[in-house]
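Student: Quick one: sequence and predicted model below, then my questions.
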Amino acid sequence: TVEVVRKPPEQRGFSVLPRRWAVERTLAWLTAHRRLARDYERHPATSEAMIRWAAINTITRRIARGRPARRQQKYVVTPST
């Protein structure tokens, strides 16, 4: 079910919208797959199949890893003296 959440008319500035982070996180996971970074497909059914493939791939990698995902640490180059 998709529920559109609009900004209240009296609101000024930034405010966290309910559950928006879950949608943005999911889209980020799917967009990490190269073929989904752009819309190359001609038919919606092919696009849907690619989205399913990416979701299955993501879940399978998590199950195989056996622990929660962690971000890679940034590689810091220190100048040698």
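Tutor: Right, received. Where do you want to start? These numbers come from a predicted model, not from an experiment. Residues are numbered from 1 along each chain as shown.

Student: residues in contact with stretch 50-70?
Tutor: Contact with stretch 50-70 is made by 29-30, 32-33, 35-36, 41, as judged by CB atoms under 8 Å, 6 or more residues apart in numbering. The C-beta positions use only the backbone N, C-alpha and C, and glycine is treated the same way.

Student: quick check, nearest of those to residue 15?
Tutor: Using CB to CB, residue 29 is the member of the contacts of stretch 50-70 that sits closest to residue 15, with 24.7 Å.

Student: can you redo the contacts of stretch 50-70 as TSV with distance to residue 9?
Tutor: Output for these, formatted as TSV (distance: CB to CB, whole Å):
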residue	distance to residue 9
29	33
30	33
32	36
33	38
35	40
36	35
41	38
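
Student: Let's see which of those end up in strands.
Tutor: For the contacts of stretch 50-70, not one is inside strands, with DSSP state E as the criterion.

Student: Just the buried ones among those, please.
Tutor: Under a neighbour-count criterion of 16 or more other CB atoms under 10 Å, the subset of the contacts of stretch 50-70 counted as buried comprises 29-30, 36.

Student: ranges for the helices of this structure?
Tutor: In order along the chain, the chain carries the following helices (DSSP state H): 20-31, 44-65.

Student: For the first one, the averaged confidence score.
Tutor: Put plainly, it is helix 20-31. Mean pLDDT, helix 20-31: 80.
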